[in-house]
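Trainee: my questions are about this predicted structure, shown below with the sequence.
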Amino acid sequence: MSKEFRPWKIDEAQLLPPSVQDYVPRDHVSRLIVSLVRESLDLSAIIGSYRSGLGQPPFDPRMMTALLLHGYASGIYSSRRIARATVERADFMMIVAGDPADFRTISEFRRRHLKALADLFVQVLKLAEKAGLVKLGHVALDGTKIKANASKHKAMSYDRMKKREAELAAEVDRWLKAAEAADAQEDKLYGDKRGDEMPDWVADKQKRLEKIREAKAALEAEAKAAAEAERKARAEAEERRIAEGGKKNGKTPTKTEPDGKAQRNFTDPESRILKTKDGYIQGYNAQAAVDGAHQIIVAQTLTSSSSDQAQLAPLLDGIRANLGTNPDEVSADAGYCSAANLRTIKRRRIEGYIATGRQKHGTKSATAKKPSRPGSLIARMSTKLKRAGYRSRYRLRKQIVEPVFGQIKQARGFRQFLLRGIDKVKPEWALICTAHNLVKLARAA
């Protein structure tokens, strides 16, 4: 007896044509995104930019916004892949209602409205708060290094720039002198041509020389600005020390030339070489403050510096600006530990749990890089964490903020920025955080 199979009705026509929405489950994240875009999010900044009545009618900005948000929430970031999904995946087909946009249109929409799309982060965050997903009881801070849209092999150190600048300048100068000397003789060979046309290799080297000179000048300007800022800071500290009866400090550093190892990338000059546990990358340091109740990102920022220390205050400022209040507790790893940061937490009346050194496996306490002065804020924080041991509230940090970076980088595959320059990468990171919160909101609905 042969086995009977369920009928395969691939050629059978349906009496009534189905809606594309019928193929998308009711609890799918795409349905929530469409609903929020149509009913809850204020898109006046995007819609208001369309004023000209000339040309073909553009795609509905609400549809394009929903398409981009769902792409980021689904781990699809490039405009080409999003465009392909609109003809291959039911959830994307539902959003565009069977009228897909070209990848160039998607890319241009993102480029044109990048700042307005980034501003949706606060709107989505407030919707999450209204849904009861944000408590601000315990907030964990952390940063993660993400690759820039540039290769680390396209970077050059200041010392190498000086050496290569001299080599290229000498090569180009030698050729120009040789061409000038042979000009009269080559007129007969080249006919109507001048005879001194530069070959491609010289033009390329001239372009390379110009790029190196630009990068070298930028490094020198940065070093000069940093030296001036340090001089002012030292002068202010000196005035305070003298006013308090202290001794005069030593000489103020006068070096304004960049460090020989300082590097600049030719593809994305604002990105930096950053150290990660897997080696060095050319990238940015993405920061997030995550609420402990449902792993909602309540504040985000981004920097090209490898250090997290200067990011604690901006993240706390972001929480206050976004939600109107400070969290009850804050935890962060040793990268955020400094006397200034501990004073900031104390001044804002936040209960802080900041590691004062690297935590060793199998031990109850952390080992600080330098012994703290007894009675200092850092020493008191160290004692506070040691006293509680494994029961310290600091233990919540790993289970709150680190899974969020895992969900963004591993589950949704965001490991490299698409855009270049910090003014574009910052909104792109805000868009990534917005998509993360949308996914959390959909799962809790």
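Mentor: Nice, I can see it. What you see is a predicted model; the values in this text were computed from it and never measured. Residues are numbered from 1 along each chain as shown.
Trainee: switch to C-alpha atoms for all contacts and neighbour counts from now on
Mentor: Will do.
Trainee: helix or strand: which one has residue 274?
Mentor: strand 272-276 (DSSP states H and E).
Trainee: quick one: that strand to chain centroid distance?
Mentor: 13 Å (C-alpha atoms, centre = their mean, to the nearest Å).
Trainee: got the contact list for it?
Mentor: Here strand 272-276 makes contact (C-alpha atoms under 8 Å, 6 or more residues apart in numbering) with 145, 152, 263-265, 280-284, 304-306.
Trainee: now render those residues as JSON lines, adding neighbour count.
Mentor: Listed next are those as JSON lines, based on neighbours: other C-alpha atoms under 10 Å:
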{"residue": "145", "neighbour count": "24"}
{"residue": "152", "neighbour count": "23"}
{"residue": "263", "neighbour count": "23"}
{"residue": "264", "neighbour count": "24"}
{"residue": "265", "neighbour count": "21"}
{"residue": "280", "neighbour count": "14"}
{"residue": "281", "neighbour count": "20"}
{"residue": "282", "neighbour count": "24"}
{"residue": "283", "neighbour count": "27"}
{"residue": "284", "neighbour count": "27"}
{"residue": "304", "neighbour count": "19"}
{"residue": "305", "neighbour count": "19"}
{"residue": "306", "neighbour count": "19"}
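Trainee: quick check, nearest of the residues you listed to residue 444?
Mentor: Using C-alpha to C-alpha, residue 145 is the member of those that lies nearest residue 444, at 28.7 Å.
Trainee: the strand or helix carrying that closest one - contacts with which helices or strands?
Mentor: Per DSSP H and E: residue 145 is located in strand 138-147. Secondary-structure packing of strand 138-147 (3 or more C-alpha pairs under 8 Å, 6 or more residues apart in numbering; DSSP states H and E): strand 279-291, strand 329-332, helix 396-400.
Trainee: make CSV from the ones you listed and add mean pLDDT and distance to residue 118 to it.
Mentor: Listed next are the helices and strands packed on strand 138-147 as CSV, based on pLDDT from 0 to 100; distance: least, C-alpha to C-alpha, whole Å:
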stretch, mean pLDDT, distance to residue 118
strand 279-291, 94, 15
strand 329-332, 95, 25
helix 396-400, 93, 23
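Trainee: out of those, deepest packed?
Mentor: Of all these, strand 329-332 has the most neighbours on average by mean count of other C-alpha atoms under 10 Å, namely a mean of 24.
Trainee: show me how far that strand is from its chain's centre.
Mentor: How far strand 329-332 lies from its chain's middle: 22 Å, per C-alpha atoms, centre = their mean.
Trainee: with stretch 303-317 instead?
Mentor: 12 Å.
Trainee: likewise stretch 291-307?
Mentor: Chain-centre distance of stretch 291-307: 10 Å, with C-alpha atoms, centre = their mean.
Trainee: same thing with stretch 90-97?
Mentor: Relative to its chain's centre, stretch 90-97 lies at 29 Å (C-alpha atoms, centre = their mean).
Trainee: next, the buried residues of that stretch.
Mentor: 90, 91, 92, 93, 94, 95, 96 (16 or more other C-alpha atoms under 10 Å).
Trainee: and stretch 113-124, by the same measure?
Mentor: For stretch 113-124, burial by neighbour count (16+ other C-alpha under 10 Å) applies to 113, 114, 115, 116, 117, 118, 119, 120, 121, 122, 124.
Trainee: out of those residues, name the ones that lie in helices.
Mentor: The members of the buried residues of stretch 113-124 that map onto helices under DSSP state H are 114, 115, 116, 117, 118, 120, 121, 122, 124.
Trainee: against residue 317, how distant is the nearest residue to the second one once chain neighbours are set aside?
Mentor: In other words, residue 115. Spatial nearest neighbour of residue 115, chain neighbours left out: residue 427 (6.0 Å); criterion: C-alpha to C-alpha, 6 or more residues apart in numbering. Per C-alpha to C-alpha, to the nearest Å, residue 427 is found 18 Å from residue 317.
Trainee: more neighbours, the two?
Mentor: When residue 427 and residue 317 are compared for neighbours, residue 427 comes out ahead with 21 against 15, by other C-alpha atoms under 10 Å.
Trainee: so the more buried one is in which element?
Mentor: Residue 427 belongs to helix 422-444, assigned by DSSP H and E.
Trainee: in terms of helices and strands, where is residue 221?
Mentor: helix 200-243.
Trainee: average model confidence for that helix?
Mentor: Averaging pLDDT along helix 200-243 gives 63.
Trainee: now swap in stretch 334-346 and tell me
Mentor: Averaged over stretch 334-346, pLDDT sits at 94.
Trainee: give the buried residues for it.
Mentor: Buried, per 16+ other C-alpha under 10 Å, within stretch 334-346: 334, 335, 336, 337, 338, 340, 341, 342, 344, 345.
Trainee: same deal with stretch 384-393?
Mentor: 385, 393.
Trainee: what sits against residue 394?
Mentor: Taking C-alpha under 8 Å, 6+ apart, we find residue 394 in contact with 331, 332, 353, 354, 355, 385.
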